[in-house]
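Novice: the amino acid sequence is not available; the structure is as follows:
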């Protein structure tokens, strides 16, 4: 797991709770990262069994950036509610 996720997990959990997203699902998502950016993606284990030969992209679910002032900026996508929204 990405160290950024570990370091930011409290803020991510707080964000999920405030926006009615499922933090347990978020913890299990595929992650991509850079210096101050964390991208959470949905990965369907049934697809992409052949790796890049399948060319099956993992949709971005949540983008998290660390701003210059140290605050986290959360950006949702058209996939956010679909993959981490709580079912009512």
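Specialist: Right, received. Where do you want to start? Everything numeric here is computed off the predicted structure, so don't read it as measured data.

Novice: do you know the pLDDT at the residue at minimal distance from the centre of the chain?
Specialist: Centroid check for the chain by CA atoms, centre = their mean gives residue 40 as the closest residue, at 2.2 Å. On pLDDT, residue 40 comes in at 95.

Novice: gap between it and residue 76?
Specialist: 11 Å (CB to CB, to the nearest Å). Any C-beta I mention is one placed from the backbone N, CA and C, and that applies to glycine too.

Novice: who touches both of the two?
Specialist: Both residue 40 and residue 76 are contacted by 62-63, under the criterion CB atoms under 8 Å, 6 or more residues apart in numbering.

Novice: which other residues reach the helix or strand hosting residue 5?
Specialist: For residue 5, the host element (DSSP states H and E) is helix 3-18. Residues from elsewhere that reach helix 3-18, judged by CB under 8 Å, 6+ apart: 21-23, 26-27, 31, 33, 38, 64, 66, 72, 74, 84.

Novice: look up how far residue 9 lies from residue 81.
Specialist: 21 Å.

Novice: give the rounded mean pLDDT of the longest strand anywhere in the chain.
Specialist: Among the segments of the chain that qualify as a strand by DSSP state E, the longest is strand 60-66. Average pLDDT, strand 60-66: 96.

Novice: just for this structure, where's the confidence low?
Specialist: 1-2, 48, 51-55, 88 (pLDDT under 70).

Novice: ok, 90 please
Specialist: Low-confidence segments of the chain (pLDDT under 90): 1-4, 35, 43-58, 68-70, 86-88.

Novice: residues contacting the residue nearest to the centre of the chain?
Specialist: By CB under 8 Å, 6+ apart, residue 40 lies in contact with 26, 29-31, 60-64.

Novice: element containing it, please.
Specialist: Assigned by DSSP H and E, residue 40 falls in strand 37-41.

Novice: now that strand: buried residues?
Specialist: 38-41 (16 or more other CB atoms under 10 Å).
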